[in-house]
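>>> Build me a model:
(one chain, ligands or ions: 2)
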Amino acid sequence: MSAYQSINPANNQLLKAWNEHDDAYAQQALKTADELFHSAWSKGDIQPRLQVLHRLADLIDQRAEELATIASKEMGKLIGQSRGEVKICSQIARYYAEHAATFLQPQPYQSDVGDAWLEYHPIGVIVAVEPWNFPYYQLMRVLAPNLALGNPVLAKHANIVPHCADVFEKLVAEAGAPQGAWTNLFISTDQVADLIADHRVQGVALTGSERAGSAVAEQAGKHLKKSTLELGGNDVFVVLDDADIDEAVRQGAQGRLSNCGQVCTAAKRFILHEKIADTFMAKFSAALQSATPGDPLDEKTTLGPLSSKDARERLVKQVDDAVKHGARVEFGGRAIEGVGCYYQPTVLTGLTPENPAYYQEFFGPVAQVYVVADDRAAVALANDSNYGLGGSVWTKDITRGRKMASQIETGMVFINSQSDTSAELPFGGVKRSGYGRELSDLGIKEFANQKLVVVAG
Ligand SMILES: NC(=O)C1=CN([C@@H]2O[C@H](COP(=O)(O)OP(=O)(O)OC[C@H]3O[C@@H](n4cnc5c(N)ncnc54)[C@H](O)[C@@H]3O)[C@@H](O)[C@H]2O)C=CC1
Ligand SMILES: CCCCCC(=O)O
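Residues are numbered from 1 along each chain as shown. Ligands and ions are numbered 1, 2, ... in the order given. Down below sits the predicted model:
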């Protein structure tokens, strides 16, 4: 049976098994991509590449409903959230179409050595290894900046979203990109390692688990290739005593339940000031428990399935283990019986550092809740984590919020908003959440040769 299968997690029905690509196919893709890198397409005028991004954005907008439906059927995201994902993909394509030329302008440096400037050049073929949770957005985050810069990309998508992977590749071709600019490969992890080892591959971008990130970064390091990693997170949602409780509840519940909690920057650890903890918990619990499971294509559904049987089995075991080590289930804590990969919205309390779950990311609708006495304790708890991706702080005192945001050891902090993403904002983390930044002016330079040129004075 193929390793790439479209299975609807709402009913576990096999939609399609996709043929895997053999070594010959992968080698031909690499050859084509490398030849494209050495052509005028990659090294010449940027405008033809930006025109492809403009057309890609328009195509995505025109086919938004079709694309959203494919994703919802293949990985269980609520249809409204899939539409949102498709919308941000066209935003990212358009953003780089409009701004890449400016980002890649030579940057002058003042120097006594001479007239100095920095030029930005593509470095070659990039391998992208991407996850299922945002099956288009994760691909667009790599495609748009690298296509603008001139790096061809070979993409290995997650095994459970092959339809999304296939339709994305077709969209890029339909937008006018030459063969080799973006190639989807239904390949194995061993074949990914072979590509990373090849001298024609100059970098690898991965979004996914620590396990995958560690394996791919090790391969990249061994072969001296640049890598970027966007891995898991255990983001805090800090609600201080002067917060707008109702808005914090609304966004906290939304943050924990969106995409059935399968978001690296989702609110996961809720840190509540003791003065508002009871009020927040009562409203937050009601909001989580009001979620109604159903078909992700039904607009009335507010709780979709997890992405696969494996994902649900992992979560069931993880919550059971947390309870075995002393966590309290305030509500939920069980798989939802019946067809599909559904799991109850859950709140866990009583987690201590002695419980392995204290340091774990729950990739599902499972919130960890903690109560603290003051800001110092909130920051100490927030930073007691192996992850460092995002986080949010809720307070009416912006000076207080900014101070806490600066103290929290992550790559992104939002004040009075759940974590979010947009093309113009850098995205990435520190510690075991990975390294490098995607999107914004930073994302287009991660795989650029930032070349110094000096005319001696
Ligand atoms: N940062 C993020 O946005 C995401 C993080 N995750 C994390 O990953 C955990 C597991 O989710 P999975 O889908 O299993 O993620 P995963 O890390 O297994 O898969 C992500 C991508 O990496 C590939 N991959 C896995 N091992 C590899 C290897 N040794 N060499 C090359 N490619 C490899 C997969 O095929 C997929 O394309 C989640 O519980 C969550 O913690 C998952 C999805 C997104
Ligand atoms: C809307 C937030 C996007 C987060 C992408 C991720 O989970 O890697």
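>>> switch to C-alpha atoms for all contacts and neighbour counts from now on
Fine.
>>> First-to-last residue distance for stretch 251-271?
One end of stretch 251-271 to the other measures 14 Å (C-alpha to C-alpha, to the nearest Å).
>>> Touching, residue 362 and residue 268? I think so.
Yes. The pair residue 362 and residue 268 qualifies as a contact (C-alpha atoms under 8 Å) at a distance of 7.2 Å.
>>> of these two, who's got more company?
When residue 362 and residue 268 are compared for neighbours, residue 268 comes out ahead with 28 against 24, by other C-alpha atoms under 10 Å.
>>> pretty sure the more buried one contacts residue 359?
No. Contact criterion C-alpha under 8 Å: residue 268 and residue 359 do not qualify, at 11.1 Å.
>>> Which residues are in contact with each of these two?
Applying C-alpha atoms under 8 Å, 6 or more residues apart in numbering, one finds that residue 268 and residue 359 are jointly contacted by residue 234.
>>> The host helix or strand of residue 406: what's the following helix or strand?
Residue 406 is located in helix 398-407, with elements delineated by DSSP states H and E. Downstream of helix 398-407, the first helix or strand assigned by DSSP H and E is strand 414-415.
>>> Can you list the neighbours in contact with that following strand?
Contacts of strand 414-415 with the rest of the structure, by C-alpha under 8 Å, 6+ apart, involve 390-395, 398, 401-402, 405.
>>> shaky segments in this protein?
The model of the chain has no residue with pLDDT under 70.
>>> So which bits of it are right by ligand 1?
Residues of the chain lying close to ligand 1 (C-alpha under 6 Å from any ligand atom) are 129-131, 133, 156-159, 189, 192, 207-209, 212, 215-216, 230-232, 263-264, 363.
>>> Please narrow these to those residing in helices.
189, 192, 212, 215-216 (DSSP state H).
>>> Residue 57: neighbour count?
By the criterion of other C-alpha under 10 Å, residue 57 has 25 neighbours.
>>> err, residue 335, not the other one
Other residues within reach of residue 335, judged by other C-alpha under 10 Å, total 16.
>>> try residue 147
With other C-alpha under 10 Å as criterion, residue 147 counts 27.
>>> need the contact list for it.
49, 181.
>>> Distance-wise, check it relative to residue 126.
For residue 147, the distance to residue 126 - C-alpha to C-alpha - is 11 Å.
>>> Name the residues that touch the helix holding residue 406?
Residues from elsewhere that reach helix 398-407, judged by C-alpha under 8 Å, 6+ apart: 375, 379, 392-395, 413-415.
>>> Mark which of the residues of the chain next to ligand 1 are buried, thanks.
Buried members of the residues of the chain next to ligand 1, counted by 16 or more other C-alpha atoms under 10 Å: 129-131, 133, 156-159, 192, 207-209, 212, 216, 230-232, 263-264, 363.
>>> Just the ones in strands from those, please.
129, 156, 207, 230 (DSSP state E).
>>> Test my guess that the third one contacts residue 229.
Yes. Using C-alpha under 8 Å, residue 207 and residue 229 qualify as a contacting pair, with a distance of 5.8 Å.
>>> Which residues are in contact with each of those two?
residue 213.
>>> Now the terminal residues of stretch 180-197, how far apart.
End-to-end span of stretch 180-197 (C-alpha to C-alpha): 19 Å.
>>> buried ones in it?
For stretch 180-197, burial by neighbour count (16+ other C-alpha under 10 Å) applies to 180-188, 191-192, 195-197.
>>> which one among the residues you listed gets closest to ligand 1?
Distance to ligand 1, by C-alpha to the nearest ligand atom, is smallest for residue 192 among the buried residues of stretch 180-197, at 5.6 Å.
>>> For the nearest residue to the closest one once chain neighbours are set aside, give me its contacts.
Among residues not flanking residue 192 along the chain, residue 156 sits closest, at 7.6 Å (C-alpha to C-alpha, 6 or more residues apart in numbering). Contacts for residue 156 (C-alpha under 8 Å, 6+ apart) come out as 127-130, 184-187, 192.
>>> Ok, residue 413 next?
390-393, 405, 419.
>>> now do residue 190
Contacts for residue 190 were tallied using C-alpha under 8 Å, 6+ apart; there are none.
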